[in-house]
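sequence unknown, structure follows:
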């Protein structure tokens, strides 16, 4: 179940980034580039999570 553990870790990282992004958006002094970078990293993680979920569901069927 190494894939499942990897998926759990990716989801944890996604939640952490979501929290960082929320905090950054709450502070008006946050650099726009920082916000863009957080959003980009969060989206990349989301894409990786979806790909992993699809590949695991395909192997189960």
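Received, thanks. Since the structure is predicted, the reported quantities are computational estimates derived from the model, not experimental observations.

secondary structure element for the nearest residue to residue 53 once chain neighbours are set aside?
Leaving aside its sequence neighbours, residue 53 sits nearest to residue 7 (C-beta to C-beta, 6 or more residues apart in numbering; 7.0 Å). Backbone N, C-alpha and C define where each C-beta goes, glycine included. Taking DSSP states H and E as the definition, one finds residue 7 inside helix 2-26.

Just want the phi and psi numbers for residue 28.
Comment: the main-chain dihedrals of residue 28 come out as phi -60, psi -20, following degrees, to the nearest 10.

Let me see the contact set for the most centrally placed residue in the chain.
To find the centre residue of the chain, average its C-alpha atoms and take the closest one (C-alpha atoms, centre = their mean): that gives residue 14, at 2.9 Å. For residue 14, the set of contacting residues under the criterion of C-beta atoms under 8 Å, 6 or more residues apart in numbering consists of 42, 45, 46, 49.

Reformat those as TSV; add secondary structure.
Shown next, in TSV, are the contacts of residue 14 (DSSP: H, G, I helix; E, B strand; the rest coil):
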residue	secondary structure
42	helix
45	helix
46	helix
49	helix
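
Would you mind listing which of those residues are buried?
Buried residues within the contacts of residue 14, defined by neighbour count using 16 or more other C-beta atoms under 10 Å: 42, 45, 49.

ok, of those residues, which one's closest to residue 3?
Of all the buried ones among the contacts of residue 14, residue 49 has the smallest distance to residue 3: 11.6 Å, by C-beta to C-beta.
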